[in-house]
Structures are given as structure tokens and as C-alpha cells.
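**Q** take a look and give me a structure for this.
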Amino acid sequence: MLRSKVRASSSSRSKSTAPSKIRSTPVFPQITGKTVTSMVSTRHVAGRARHPALRIAFVALAGPAPLHHERLGARGGARGLVDPHVFYETSSYGTRAIDAMVRVVGVDPIVHGTDRPYAESADPGLGAAFAHAMFTVNPGVLIGGLR
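**A** Presented below is the predicted three-dimensional model:
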């Protein structure tokens, strides 16, 4: 709870001064690729049984956590299944990152995102069919749930 310091002024009325800055340690631990991958795969899978139709959208291609499955597989882990109700928005990622995600999760979960006004987004140049899916079809599925 924040408390304001109150002191009497020379005019005999009380003034409230701004509270001093509160220093604290971060609430969240450092987020690493392994942590993000765990959040994307393990934790959402645990909730999937309770909410089987819930659509989930990760911003910024989920950091791109799905790309870590290959790395985890090389260390003895298993690649999870692609969840048809999980989407990844592109923010200001370019052609290479979006293409890498498509190679892992497919075209269907990729939706257009933007960092405007900080960065302009553009068509990643992966073809007319992909552009139609990313800009029109997939966002409609994310928002409306129809395929």
C-alpha cells in the first residue's frame, strides 16, 4: 500500500506530497527461450482440457517459441502437436521469421499484426495465397472461430 507523506505548511493547511519511488525486485523471472516454450506448449496444453475451444493468440510470433521445439528435440524432448486453436500474430517480423514459423506451425495459425506507429508492417512476400490467409482468412478464424 502506498502512503502519502503529509506535512503542515506555513499557511496551516496540509499538503500531500508524492510518495517516494518504490524499489522492488521484478515480479517475473528472466524469460528465456525454454521458459517461453514451456508457456506456449506445456501450460496451454494443461488448460486445453478445461477450455477445448478457447482460441489463443500469441503476439510477436510468441517470441518465436515454436522454433525452439527443434532445439528441444535435439536435447531429448518431444515436439508438441500443433494446436488448431493457437494463433501467432506477426507484429513487425519480416519474411524470414514468418517463413520459419510457417515451416513449424503451418499457414493457418499465422495472423497479421502490426507495431504501428513504431514500425510499419508489410506483406512478407510469401505469395498471394499466403497473404490472403494471413490478412483475411486466419484473422476471421481467430475472431469468429469459423474455418
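**Q** the closest residue to residue 52 other than its chain neighbours and residue 145, how far apart?
**A** With Cβ to Cβ, 6 or more residues apart in numbering as the criterion, residue 52 has its nearest non-adjacent residue at 8.0 Å, and that residue is residue 85. The way it works is simple: take the backbone N, C-alpha and C, and place the C-beta from them, glycine included. Residue 85 sits 9 Å away from residue 145, going by Cβ to Cβ, to the nearest Å.
**Q** and those two? Which one has more around it.
**A** The neighbour count for residue 85 versus residue 145, taken as other Cβ atoms under 10 Å, is higher for residue 85 (17 against 10).
**Q** residue ranges of the helices in the protein, please?
**A** Under the criterion DSSP state H, the chain contains helices at 33-38, 44-48, 68-74, 95-105, 128-132, 138-144.
**Q** could those go into TSV alongside mean neighbour count and distance to residue 122?
**A** Output for the helices of the chain, formatted as TSV (neighbours: other Cβ atoms under 10 Å; distance: least, Cβ to Cβ, whole Å):
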stretch	mean neighbour count	distance to residue 122
helix 33-38	16	25
helix 44-48	13	29
helix 68-74	14	26
helix 95-105	16	9
helix 128-132	12	10
helix 138-144	15	17
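**Q** what's the closest of those to residue 120?
**A** Nearest to residue 120, of all the helices of the chain, is helix 95-105, at 14.4 Å by Cβ to Cβ.
**Q** tell me who's in contact with the residue lying closest to residue 89 once chain neighbours are set aside.
**A** The shortest distance from residue 89 to any non-neighbouring residue, by Cβ to Cβ, 6+ apart, is to residue 113 (3.2 Å). Residue 113 makes contacts with 59, 60, 89, 90, 91, 121, as judged by Cβ atoms under 8 Å, 6 or more residues apart in numbering.
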